[in-house]
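Enquirer: everything below, folded, please.
(chains A and B)
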Amino acid sequence: MDIIVCVKHVPETAEAELKIDSTGKNIEKTGLVYDINEWDDYALEEAVRIKEKQGGTVTAITIGAEDSDATLRKCLARGADKAIRLTDPKFVDSDGYAIAKILHSVIKILHYDLILTGMQAGDDGNAAVGPILAQMLNIPHATMVKKLELATGTAKVNRELEGGLEEQLEVKTPALFSVQTGINEPRYVSIMGIRKAMQKEIKVMTLADTGLTENDVGTAGSWTRIEKLYVPPVEKQAEFLKGTPDEIAAKVTEILKSRGLI
Amino acid sequence: MSEGKGVWVFSENADLMLEMLGKGREIADKLGSKLAAVVVGSNVADRANELLKYGADKVYLVDNAVFGRFQAEAYLGVLYNLVVNYKPETVLIGSTKNGKPLAARLATRLEVGCVPDCSRLGVDEKGRLVGERITYGGNAVAKLTFKTKPQIVTVPSRAFEKPQPKDGSGQVIKLDAKAEQAKTEVVETKPLETSNVRIEEAEVIVSCGRGLEKKEDRALLDELAGVLCGQVGCSRPLAEDRKWFSEWVGLSGHKVKPKLYIACGISGVIQHVAGIRDAKVVVAINKDEQAPIFEVADYGVVGNLYEILPALKEALKKQLQ
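Expert: Here you go, the predicted structure:
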């Protein structure tokens, strides 16, 4: 079973104080803490677990600058066999479609039975690259996967739906699955493990190696365009209720009553 | 396909379809074009007729037993063929767990762009669709346009108001379509073992976050929820990191719309707040007066939930007796 896992080195933005950069279309990245995208962490773990059970290889692929190696090293330490970093200044500001094109250019010449991605990236939250890549490769896919079982030529996956429902799909492989957090528990990697992974090679590929042109990637190769990025204004402020717990409880009760909530 | 005209909406979710028709009508009027809904399913003719009352000029109806349940490849094939034949300029697809990947694949097959989860949609002075989406974990909003047509966006539930029904003069156009050969089969659909209650429908929710120190302390919330005939929820860390709950309220979890939401020990990162935007009244209890939850709450209590909750339970009990 040869598995490709697409990973992304992302800044932690949910709890950070974000600033918009001078272009007005991107965030100011200095000072942000980067790590492997949370959902990708589960995808990688799932791939390694399958490999440990059934044999085969796990290849981690990312698109990004040299600092993305930290994420690839983590993948290698966790048990990935190979790592590929696609790096080119022209790749910067690619939308989901252009990103999928770059991944596709490399993945189409690799052997794979399964491609795993995180359900979404924690930074842009598009959840688009997985389905787009599956379409480009013309393979079936499922999103929000929280359980994965493999048989010969097929995979059974459980995915979450709305309204408290879960569905089980039987999908012919090769297939692409976007993995939801909680599908497994990503293993802890020791410093020793990461140090060992430092010796493994990370294959670096540039635009020239992909067979694509400048017009296929970056803003030129994107079909959507960010016009503006802004930090939404802080909304209102709560009316604070003060006093002892009993006094506060009485005030809350009074408010709920006056607003017809109880 | 740039010569296309018309605004289309599609969702397998009936409520979301109506919400999108409201917004779709507005966009179509601005562009001076027609609004069409696409209905795919089995025995759905009534549903198609109903949509004419909600602003659709046309409904393209594909009514066939093979489309009785959502099947990704089959639905993709139907939508793809319809778009190629009728060339709409703009397509709104409901951002459900099935609709979102469907939109991404449709756009790719058409070789056009797709902007997911637009919580705002408008038309600029050049007649281009402008979508706004929450990004960077909810800390920023991106405004996007398209270089290609049709302009495909997905729309989350409850981003837009459902319009009032009126007498419609539109028409239903029945179409035949075959299901493309599928590589994906739905084996079964069943309720999640963990979710015997549907928190999305709850009128009162008492929710806890990292301020809850032990799993057993959930009893405090259960008791208060019991008095208020509500349900208990939590923020993501309690489900994902601590595994004390199986589901959570938030952008990546359940979006809720209770009349009353009591947030206990929840800091209120945007991931969580995005899930409670539709709550009518939010009461927040947190030790940290700087907690961002107080920016979205109507009423704030700076204090210890272990002291406030029991007091509140008693006060409410007395009131309700």
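Enquirer: residue 144: what's it in contact with?
Expert: Picked chain A for this. A:M144 makes contact with A:119, A:159-160, A:178, A:180, B:97, according to C-beta atoms under 8 Å, 6 or more residues apart in numbering or on different chains. Any C-beta I mention is one placed from the backbone N, CA and C, and that applies to glycine too.
Enquirer: chain B was what I was after
Expert: B:L144 makes contact with A:224-227, B:115, B:130-133, according to C-beta under 8 Å, 6+ apart.
Enquirer: and if we set it to 10 Å?
Expert: Neighbouring residues of B:L144 by C-beta atoms under 10 Å, 6 or more residues apart in numbering or on different chains: A:95, A:224-229, B:113, B:115-116, B:118, B:129-133, B:135, B:151, B:153.
Enquirer: repeat for B:E161
Expert: B:18-19, B:22-23 are the contacts of B:E161 under C-beta under 10 Å, 6+ apart.
Enquirer: A:P186 now?
Expert: A:P186 is in contact with A:36, A:38, A:40-46, A:48-49, A:74, A:78, counting by C-beta under 10 Å, 6+ apart.
Enquirer: how much space separates it from chain B?
Expert: 12 Å (C-beta to the nearest C-beta, to the nearest Å).
Enquirer: what about that residue, helix or strand, and which?
Expert: In this assignment (DSSP states H and E), A:P186 forms part of neither any helix nor any strand.
Enquirer: again, but for the one 10 residues further on
Expert: Element membership for A:K196, per DSSP H and E: helix A:191-197.
Enquirer: just the buried residues of that helix, please?
Expert: For helix A:191-197, a neighbour-count test (16 or more other C-beta atoms under 10 Å in any protein chain shown) marks A:193, A:197 as buried.
Enquirer: need the contact partners of it.
Expert: A:70, A:72-80, A:83, A:187, A:189-190.
Enquirer: now that we have those residues, which one has the most neighbours?
Expert: Highest neighbour count within the contacts of helix A:191-197: A:C75, with 31 neighbours (other C-beta atoms under 10 Å in any protein chain shown).
Enquirer: helix or strand for the nearest residue to that residue once chain neighbours are set aside, which one?
Expert: Excluding its sequence neighbours, the residue lying closest to A:C75 (C-beta to C-beta, 6 or more residues apart in numbering or on different chains) is A:A60, at 3.8 Å. Element membership for A:A60 (DSSP H and E) is strand A:57-63.
Enquirer: one step back: what sits against the residue nearest to A:C75?
Expert: Counted by C-beta under 10 Å, 6+ apart, A:A60 has contacts A:3-7, A:36, A:40, A:43-44, A:47-48, A:71-76, A:78-85, A:202.
Enquirer: show me where chain B has helices.
Expert: Secondary structure of chain B, counting by DSSP state H: helices at B:14-31, B:45-52, B:72-86, B:99-110, B:218-227, B:236-240, B:270-273, B:293-296, B:305-320.
Enquirer: distance to chain A, mean pLDDT and mean neighbour count added to those helices, as JSON lines?
Expert: What follows is those, written out as JSON lines (distance: least, C-beta to the nearest C-beta, whole Å; pLDDT from 0 to 100; neighbours: other C-beta atoms under 10 Å in any protein chain shown):
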{"stretch": "helix B:14-31", "distance to chain A": "10", "mean pLDDT": "96", "mean neighbour count": "21"}
{"stretch": "helix B:45-52", "distance to chain A": "18", "mean pLDDT": "95", "mean neighbour count": "18"}
{"stretch": "helix B:72-86", "distance to chain A": "7", "mean pLDDT": "95", "mean neighbour count": "19"}
{"stretch": "helix B:99-110", "distance to chain A": "4", "mean pLDDT": "98", "mean neighbour count": "25"}
{"stretch": "helix B:218-227", "distance to chain A": "9", "mean pLDDT": "94", "mean neighbour count": "18"}
{"stretch": "helix B:236-240", "distance to chain A": "6", "mean pLDDT": "91", "mean neighbour count": "21"}
{"stretch": "helix B:270-273", "distance to chain A": "5", "mean pLDDT": "86", "mean neighbour count": "24"}
{"stretch": "helix B:293-296", "distance to chain A": "4", "mean pLDDT": "92", "mean neighbour count": "22"}
{"stretch": "helix B:305-320", "distance to chain A": "4", "mean pLDDT": "94", "mean neighbour count": "19"}
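Enquirer: out of those helices, flag the one nearest A:A16.
Expert: helix B:270-273 (10.9 Å; C-beta to C-beta).
Enquirer: can you tell me which residues contact A:L76?
Expert: Counted by C-beta under 10 Å, 6+ apart, A:L76 has contacts A:44, A:58, A:60, A:69, A:82-83, A:189, A:193-194, A:196-202.
Enquirer: where's it relative to A:D69, distance?
Expert: Distance of A:L76 to A:D69, given as C-beta to C-beta, to the nearest Å: 10 Å.
Enquirer: shared neighbours of those two, anything?
Expert: Residues touching both A:L76 and A:D69 by C-beta under 10 Å, 6+ apart: A:83, A:198, A:202.
Enquirer: buried subset of the contacts of B:L144, written for ChimeraX?
Expert: To isolate the buried members of the contacts of B:L144 in ChimeraX, using 16+ other C-beta under 10 Å:
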select /A:95,224,225,226,227,229 /B:113,115,116,118,129,130,131,132,133,135,151,153
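Enquirer: mind listing what's buried along stretch B:118-125?
Expert: Result for stretch B:118-125 [16+ other C-beta under 10 Å]: buried residues B:118-119, B:121, B:123.
Enquirer: ok, it near chain A or not?
Expert: Yes: using C-beta under 10 Å from any C-beta of the partner chain, we find that stretch B:118-125 touches chain A at B:D124.
Enquirer: kindly check the end-to-end length of that stretch for me.
Expert: 19 Å (C-alpha to C-alpha, to the nearest Å).
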